[in-house]
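# Pasted the sequence and its predicted model underneath.
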Amino acid sequence: MSKKLAIIATKGTLDWAYPPFILASTAAALGYEVEIFFTFYGLNLLEKDLNLKVSSLGNPGMPMPIPMPVFIQVLPGMQSFITSMMKKKLADKGVIPLEELRALCLESGVKFYACQMTVDLFERDINTFLDEVTYAGATAFLDFAGESDISLYI
């Protein structure tokens, strides 16, 4: 019987997209059965065409190349600047592109579940999501999570 990893993904920004996919792909490579439940803004990670952003606001731990007061960070164009800065850093360090990491998860058998309540709440168009996504309520995911060796909330 294989170990199980259950992940709840709630964040929909570029910097928060990597942790669930890195952990899921690694666990799958180690033989774990893995399921990710995407809810609230985590649904952004299921979009066919990822266009995720990064914001330093609300993230005081984010290293900046130069000290930047919060009032500067809210200026128009700063989110795009910070997002491009993060993408460059990821590329320069040879980090796998997010689309490839997500595809690796699917190829490794990781199951993606979209929270049906959240899809309905935010009136999300499921045609924009990956075809491999299963739609389910929290009860369905909790059945798996309850039997999991590890459960993570990201």
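Now that the structure is in, tell me what you want to look at.
# contacts and neighbour counts: CA atoms only from here.
Will do.
# if I look at the residue positioned nearest the centre of the chain, how far off is Glu47?
Among the residues of the chain, Ala17 comes closest to the average C-alpha position under C-alpha atoms, centre = their mean, at 3.1 Å. Using C-alpha to C-alpha, to the nearest Å, one gets 12 Å for the distance from Ala17 to Glu47.
# can you check Lys4 too?
25 Å.
# Distance from the host helix or strand of Ile8 to the middle of the chain?
Here Ile8 sits within strand 4-9, counting by DSSP states H and E. Mean-position distance between strand 4-9 and its chain equals 12 Å (C-alpha atoms, centre = their mean, to the nearest Å).
# Dihedrals phi and psi, Thr26?
phi -70, psi -50 (degrees, to the nearest 10).
# Following element in sequence after the lowest-mean-pLDDT helix or strand in the chain, please.
Across the helices and strands of the chain, mean pLDDT, DSSP states H and E gives its lowest value to helix 70-73, namely a mean of 63. Using DSSP H and E, the next helix or strand after helix 70-73 towards the C-terminus is helix 78-92.
# where's that next one relative to the chain centroid, distance-wise?
Centre to centre, stretch against its chain (C-alpha atoms, centre = their mean), the figure for helix 78-92 is 17 Å.
# Of all the residues in the helix or strand just after that helix, which ones are buried?
Using DSSP H and E, the helix or strand that directly follows helix 78-92 along the chain is helix 98-107. Residues of helix 98-107 classed as buried: Leu98, Leu101, Arg102, Leu104, Cys105, Leu106 (neighbour count, 16 or more other C-alpha atoms under 10 Å).
# For helix 98-107, list the C-alpha coordinates in CSV.
The C-alpha trace of helix 98-107 is given here as CSV (Å, rounded to 0.1, in the frame of the first residue of the first chain):
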residue,chain,number,x,y,z
LEU,A,98,5.4,26.3,-13.9
GLU,A,99,3.5,24.9,-16.9
GLU,A,100,6.1,22.1,-17.2
LEU,A,101,6.0,21.4,-13.5
ARG,A,102,2.2,21.2,-13.6
ALA,A,103,2.3,18.9,-16.6
LEU,A,104,4.9,16.7,-14.8
CYS,A,105,2.4,16.3,-11.9
LEU,A,106,-0.3,15.2,-14.3
GLU,A,107,2.0,12.8,-16.1
